[in-house]
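Colleague: Okay, here's the prediction I keep looking at, along with the sequence it came from:
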Amino acid sequence: MLLDAIKSTPLLKIQKPASLKLLYQTIAHVGAFHDSETRYPPPKCHPETRTAVLSDISSWIRGARAGTRVRCRAGARRGAEAETPVHWLYGPAGAGKSAIAQTLAESFACTEEGNHLAASFFFSRSDPSRNNPKSLILIISYCFAIWCGNSQLRAAIDSAVKTRPTILKSAIEKQFQQLVIEPFKAIPKESWETLPRVVIIDGLDECLGSDSQRRVLTTLFGDEELRNKTPLRFLIASRPEPGIRDFFGQHCGITTRTELSDDYSTSRDIEVYLRDGFKAIVEKSHSDVMAHIALPWPPIGVIDDLVQRASGQFIYASTVLKYVGDEYSLPVERLELVLGLPLGDPDAFSELDVLYQQIISSNHNKARVIQILGTILVIKDIRSERWRELELINWWNFIDDRKVIDIVEQLLSLPTGTVTVSLRGMHSVLQIDSRIVKFRHKSFPDFLFDARRSGEYFIDKALFHEKLARVCMKITNDSSPSLRNYAMFNCLKHIHLAKSTTDLVTELRCFNFCDAIELYLRKWFLEYWFQPTPRYVSQSISVLQKYAKVLESHQIKTLSDSLQLGIYVTGVDRRELSKKFLSDLELLFALAMDCHYAPLGAIFPGDTPRNIDVLTGLSCTISFLSMKKIFLCLDPRLHSHSHSTASSSSNPVWHFIDFKRGRSRLAKHCLRTIRFDSCIKDITRWKQSLIFTWGYVYAQSRMSELLYYSPLDMELQHKLKKTIPYLNGTKELHKVLLWLQDFPDDQRDIPMEVTIRWCSKQSHELSDANLAFYLWGNFQRCIL
């Protein structure tokens, strides 16, 4: 269009001013106009999309010409008036800013109302001619001379170049004064209303360096006196980079803003764009290979999925359509690869990958940026619902979004403010506000997590978890409460998700889990929640089991092996713990261990009792226990007591809580409950007591398992034989008789030995339905 204007201008055909020719020769290679060949094909809005945002900005453009008042629907300056000299169109990378700017430039270069477009300049980071401000003012000035249709203005620009040819190499501040301000002074103000007044500058963020960006803005708008000496209005499109954002924040009185968000139905527009793009693939470009495909293709659910993945990025949708509609590809196959990313074709989003690589590479300290991003992403990862099973308590959202930056700086030992400064160049893909960091698009983490796409910027989540796991193990006793709490609550998940490196395994083997677990339990269940002893014991078993499970994933079984045997306790002072206290602890820990493997919720799917309710139902008398009096440990040799008053004792007395012995006691209570239920006369009245029903149901359900983990105790053998007639089910009978078989010959009476041998011989010939009959019948014959 500009070249056509040059050829069709009569003045140029006749006079051919040497100065304007010199100006043109200086800028001809740049290709920054909206209709330059170097930008072909330029990005443009689909006809049915972006209607709302185009309408709002178009109203501002028309108002700039007519002097009418219009209101902008989006952005910080809601209700801003049209005569504001600047309209800032901003949004994240790939949101479609350039397409909007291009569409507006084409629309207002020639309309029925006349020409509104005074000049256009499209920056490009990858083009050395367009990634700096050197040619900006020269191109704007030349556009005035060619497009304005005002001979006086054109003559003034021509005269300025002719009089001072060196102006073509001068600083942009001086060029703006002599090639823009001075020429407008040379024409009457009354003629301003008839001139094109809108200058569109796209991609200011692609002008390399925040100093250059601020310099452009300061040159154009920094001096209020200069602003009033031209009728120009500027549409600036850019990402919300810190320098640009700060400038417009300081000059909010002259700026109307439009933020590209879903306020403008972005998701709907992307859906329309995708639907029409796929339709063109089916009906036009690939009609031959798509003739057999059932319509509609793709299904609406797939388009919805792609819209969600786009997260407001038109570049994502554009890249998908280009990839799927490649001339030499099968669209169905290509779409399946896209939907399968990151396991699909790494080249599917090559354009998007180039954009992300460029954004990261523009940072001065790329390694630190990746370190920070990786840490933020793995912190987000451990908050995922799928890792909730590893929560020590049901407080999965413990990490406050407003504290993430503080946590990252502390975990990485960075000075305060480092994260904010390091990520200043990432605002196009990150939303950073009030110490909160959010990823604008899901496609950006997908890029970072795929080594084939991100290359040197690859974030290995497992390796970052490994680093944070090692950090957490070092800071469980840190003086900072927030850091200590983070390590306490999240160390387990980092270890579970970590890459099993030699360094990690070595540190895990040396790490004193006992102190870390005890500190957590005492703080959150005794001091903070004031939990009763049975609840505290259950939670301690749960926490220890979770640690054991995580360590086993790294081939470390020390904790799990120790946990099957028992646990040590010692008093916080020098006094001995009473035998009654220790005996009750054994019973509590035995029930807690059993409930860990067979949760009460599975046995009682309706109204689930507490552990203490089950013990009461089994007629177990538990004295009042205070866990504040003791410390727990799996191995006293590893217990440092660095934070306990017991450290004052040079030789604390440790007592071993034997889980097998505790299970044996629990099994005896179960046998007694089963017999008691069957012998009591007023069984109806007894069963009306729910708590005793809980005890009986638990006893019948878990007695054989408790026997399996119990030592071979003669008293227990005697009570079992008395209880066998009251057991329910074939499997229970079979299990208890097998347990009896494990007794040495000299500890087993003859009738039982005969019973077991007979049962072993006959059991393979009998069905389950008859086995119980024969087991019990033969047992009766033996004892009679």
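Modeller: Alright, I've got the coordinates. Keep in mind the model is a prediction, meaning the values are calculated, not measured.

Colleague: any idea of the mean pLDDT in stretch 464-477?
Modeller: The average pLDDT within stretch 464-477 is 87.

Colleague: List the buried residues of it.
Modeller: Within stretch 464-477, the residues scored as buried using 16 or more other C-beta atoms under 10 Å are 464-473, 475-476. The C-beta positions use only the backbone N, C-alpha and C, and glycine is treated the same way.

Colleague: which pair in those spans the largest distance?
Modeller: Spatial extent of the buried residues of stretch 464-477 (C-beta to C-beta) is set by the pair Phe464 and Thr476 at 19.3 Å.

Colleague: that older thread, in helices, which of the buried residues of stretch 464-477 appear?
Modeller: With DSSP state H as the criterion, helices contain 464-473 from among the buried residues of stretch 464-477.

Colleague: which among those gets closest to Gly325?
Modeller: Nearest to Gly325 among these, with distances taken as C-beta to C-beta, is Phe464, at 36.8 Å.

Colleague: The closest one: what's it in contact with?
Modeller: The contact partners of Phe464, by C-beta atoms under 8 Å, 6 or more residues apart in numbering, come to 374-375, 377-378.

Colleague: Against Thr416, how distant is it?
Modeller: 22 Å (C-beta to C-beta, to the nearest Å).

Colleague: picking that back up, with distance to Val404 added, can I get the buried residues of stretch 464-477 in TSV?
Modeller: As requested, the buried residues of stretch 464-477 are arranged in TSV below (distance: C-beta to C-beta, whole Å):
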residue	distance to Val404
Phe464	15
His465	16
Glu466	20
Lys467	17
Leu468	13
Ala469	18
Arg470	20
Val471	15
Cys472	16
Met473	21
Ile475	17
Thr476	20
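
Colleague: Tell me the one among these nearest to Pro445.
Modeller: Phe464 (12.4 Å).

Colleague: show me where the stretch 451-600 of the chain has helices.
Modeller: 451-454, 461-474, 481-497, 502-510, 513-521, 533-552, 558-565, 579-597, 600-603 (DSSP state H, counting those that start in this stretch).

Colleague: As TSV, these with distance to Trp88 would be great.
Modeller: Formatted as TSV, the helices of the stretch 451-600 of the chain follow (distance: least, C-beta to C-beta, whole Å):
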stretch	distance to Trp88
helix 451-454	31
helix 461-474	36
helix 481-497	37
helix 502-510	48
helix 513-521	50
helix 533-552	50
helix 558-565	58
helix 579-597	59
helix 600-603	57
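
Colleague: Lowest average confidence across those, which one?
Modeller: Among the helices of the stretch 451-600 of the chain, helix 513-521 scores lowest, at a mean of 64.

Colleague: Could you identify the helix or strand that succeeds the least confident helix or strand in the chain by mean pLDDT?
Modeller: For the chain, counting by mean pLDDT, DSSP states H and E, helix 10-14 ranks last in confidence among helices and strands (a mean of 39). Moving toward the C-terminus from helix 10-14, the next helix or strand (DSSP states H and E) is helix 18-27.

Colleague: Show me what counts as buried in the helix or strand just after that following helix.
Modeller: With elements assigned by DSSP H and E, the helix or strand that comes after helix 18-27 is helix 51-66. Within helix 51-66, the residues that qualify as buried by neighbour count (16+ other C-beta under 10 Å) are 52-54, 56-65.

Colleague: Lowest-confidence entry in those residues?
Modeller: Arg65 (46).

Colleague: Name the nearest of the contacts of Phe464 relative to Phe581.
Modeller: Distances from Phe581 to the contacts of Phe464, taken by C-beta to C-beta, are shortest for Val378, at 43.4 Å.

Colleague: Show me what the helix or strand hosting that closest one is packed against.
Modeller: According to DSSP H and E, Val378 maps onto helix 366-382. For helix 366-382, the elements it packs on are helix 350-361, helix 404-411, helix 418-422, helix 443-449, helix 461-474, helix 481-497, judged by 3 or more C-beta pairs under 8 Å, 6 or more residues apart in numbering; DSSP states H and E.

Colleague: ok, now with 6 Å
Modeller: In terms of contacts (3 or more C-beta pairs under 6 Å, 6 or more residues apart in numbering; DSSP states H and E), helix 366-382 is packed against helix 418-422, helix 461-474.

Colleague: ok, and for the first one, which residues are buried?
Modeller: Put plainly, it is helix 418-422. Result for helix 418-422 [16+ other C-beta under 10 Å]: buried residues 418-419, 422.

Colleague: and that helix, how far out from the chain's middle?
Modeller: 19 Å (C-alpha atoms, centre = their mean, to the nearest Å).

Colleague: who touches that helix?
Modeller: For helix 418-422, the surrounding residues in contact (C-beta atoms under 6 Å, 6 or more residues apart in numbering) are 368-369, 372, 405, 408-409.

Colleague: and that helix, average pLDDT?
Modeller: pLDDT averaged over helix 418-422 gives 91.

Colleague: immediately after that helix, which helix or strand?
Modeller: strand 430-433.

Colleague: May I see the buried residues of the helix or strand following that next one?
Modeller: Sequence order places strand 436-439 as the next helix or strand after strand 430-433, per DSSP H and E. In terms of neighbour count (16+ other C-beta under 10 Å), strand 436-439 has its buried residues at 437, 439.

Colleague: got the CA coordinates for strand 436-439 in CSV?
Modeller: Provided in CSV are the C-alpha atoms of strand 436-439 (Å, rounded to 0.1, in the frame of the first residue of the first chain):
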residue,chain,number,x,y,z
ILE,A,436,2.0,-14.6,43.5
VAL,A,437,3.4,-16.3,40.5
LYS,A,438,1.0,-18.0,38.0
PHE,A,439,1.7,-19.5,34.6
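
Colleague: now for it, which elements pack on it?
Modeller: Taking 3+ C-beta pairs under 6 Å, 6+ apart as the contact cut, strand 436-439 packs with no helix or strand.

Colleague: just how off-centre is it within its chain?
Modeller: The mean C-alpha position of strand 436-439 is separated from the chain mean by 9 Å, C-alpha atoms, centre = their mean.

Colleague: Show me what that strand pairs with in its sheet, parallel or antiparallel.
Modeller: Partners of strand 436-439 in the sheet, by DSSP bridges, are strand 430-433 (antiparallel).

Colleague: Only C-alpha atoms, please: export the partner strand in PDB.
Modeller: The C-alpha coordinates for strand 430-433 follow below in PDB (Å, rounded to 0.1, in the frame of the first residue of the first chain):
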ATOM      1  CA  LEU A 430       3.900 -15.500  33.900                       C
ATOM      2  CA  GLN A 431       1.400 -13.400  36.000                       C
ATOM      3  CA  ILE A 432       3.300 -11.900  38.900                       C
ATOM      4  CA  ASP A 433       1.200  -9.900  41.300                       C
END
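
Colleague: neighbouring contacts of it?
Modeller: With C-beta under 6 Å, 6+ apart, strand 430-433 has contacts from 437-438, 440.

Colleague: make it 10 Å
Modeller: 92, 240, 242, 359, 373, 376, 405, 419-420, 423-424, 426-427, 437-441, 444 (C-beta atoms under 10 Å, 6 or more residues apart in numbering).

Colleague: This completes my enquiry, with thanks.
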